[in-house]
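**Student:** Next comes the sequence, and after it the predicted model I'd like to discuss.
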Amino acid sequence: MTDAPQVSVIVPVFNGAATLGDAIESIRAQEAQVEIIVVDDGSTDDTPRVIETLTDIVAIRQDNLGPAAARNSGLVFARAPLVAFLDDDDLWMPHKLCHHLQLLEEHPNASVVLGHTAFEGLDPETGAWNRVAGPHLLYHLGAALCRREVFDRIGTFDPALRSSEDVDWFLRVRDAGLEIVVTPEIAQIHRRNGDNMTRGKDLRELGFIEVVKRSLDRRRAQAAGER
């Protein structure tokens, strides 16, 4: 870890002992100076032991409060002017940060760069990960790079949301009129397995309908204020 990181990378993890190492390696493979902040959100498996084996990271442990609260805890310790996130069961493409850093340099007024997401599924017979979908443009934090100042302007993640907290945050960025630069390149691989928190849940259970309604209410309020 350098004294002056370009990017603070926050990794929330809950019972991710089997996948956390791969996620960290995909961060270390980036062509950028990073600090890695791992937030253990009350894991009950071997995650604490895995974290102890990792070097040059900031390790935080808290009670199980959900991914939004875990990301907020990581932001408290973030020192870099840019912030990125990666879930413990996902991977970054090799040149993700390099490409996003270049785009932010080319777009000085942009608050966020957002790439595409591809999906992989685990073959239970071979144990191999295979591409199953994508690339798709989604409001996934793992596919983004953010200026630290945007959190000061629109706030952090809503800890009341156990799911769709990332969609809620992106919609707040959009509704505030901040610029999001979209790139067609794949930024992250989202790995689907039987342990994913969102597996088998509908849109209401995921909180998606609620956060969309919040966005509609904000825009209606803005329109009423302009009249």
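**Tutor:** Received the coordinates, thanks.

**Student:** which one is the spatially most central residue of the chain nearest to, not counting chain neighbours?
**Tutor:** For the chain, the residue sitting closest to the mean C-alpha position, by Cα atoms, centre = their mean, is residue 141 at 3.0 Å. Excluding its sequence neighbours, the residue lying closest to residue 141 (Cβ to Cβ, 6 or more residues apart in numbering) is residue 85, at 4.0 Å. To be clear about C-beta, it is placed using only N, CA and C from the backbone, and glycine gets the same treatment.

**Student:** got the contact list for the one you found?
**Tutor:** Residue 85 makes contact with 9-12, 71, 141-142, 144 under the criterion Cβ atoms under 8 Å, 6 or more residues apart in numbering.

**Student:** hey, what's it bridged with?
**Tutor:** residue 10 (DSSP bridges).

**Student:** and it, how far is that from residue 121?
**Tutor:** 22 Å (Cβ to Cβ, to the nearest Å).

**Student:** Kindly report the same for residue 36.
**Tutor:** Residue 36 is 26 Å from residue 121, by Cβ to Cβ.

**Student:** what's the answer for residue 25, then?
**Tutor:** Residue 25 is 20 Å from residue 121, where distance means Cβ to Cβ.

**Student:** Compare neighbour counts for those two and give me the winner.
**Tutor:** residue 121 (14 against 11; other Cβ atoms under 10 Å).

**Student:** check contacts around the residue lying closest to that one once chain neighbours are set aside.
**Tutor:** Distances taken as Cβ to Cβ, 6+ apart put residue 132 closest to residue 121, at 4.2 Å, once the chain neighbours are dropped. Residues counted as contacts of residue 132 (Cβ under 8 Å, 6+ apart) are 119-121, 192.

**Student:** from those residues, which would you call buried?
**Tutor:** Using 16 or more other Cβ atoms under 10 Å as the burial test, those include 119-120, 192 as buried.

**Student:** Tell me which helix or strand the residue nearest to residue 121 sits in.
**Tutor:** strand 129-136 (DSSP states H and E).

**Student:** buried ones in the worst-scoring helix or strand of the chain on mean pLDDT?
**Tutor:** Ranking every helix and strand in the chain by mean pLDDT, DSSP states H and E puts strand 129-136 at the bottom, with a mean of 81. Across strand 129-136, burial judged by 16+ other Cβ under 10 Å covers 129, 134-135.
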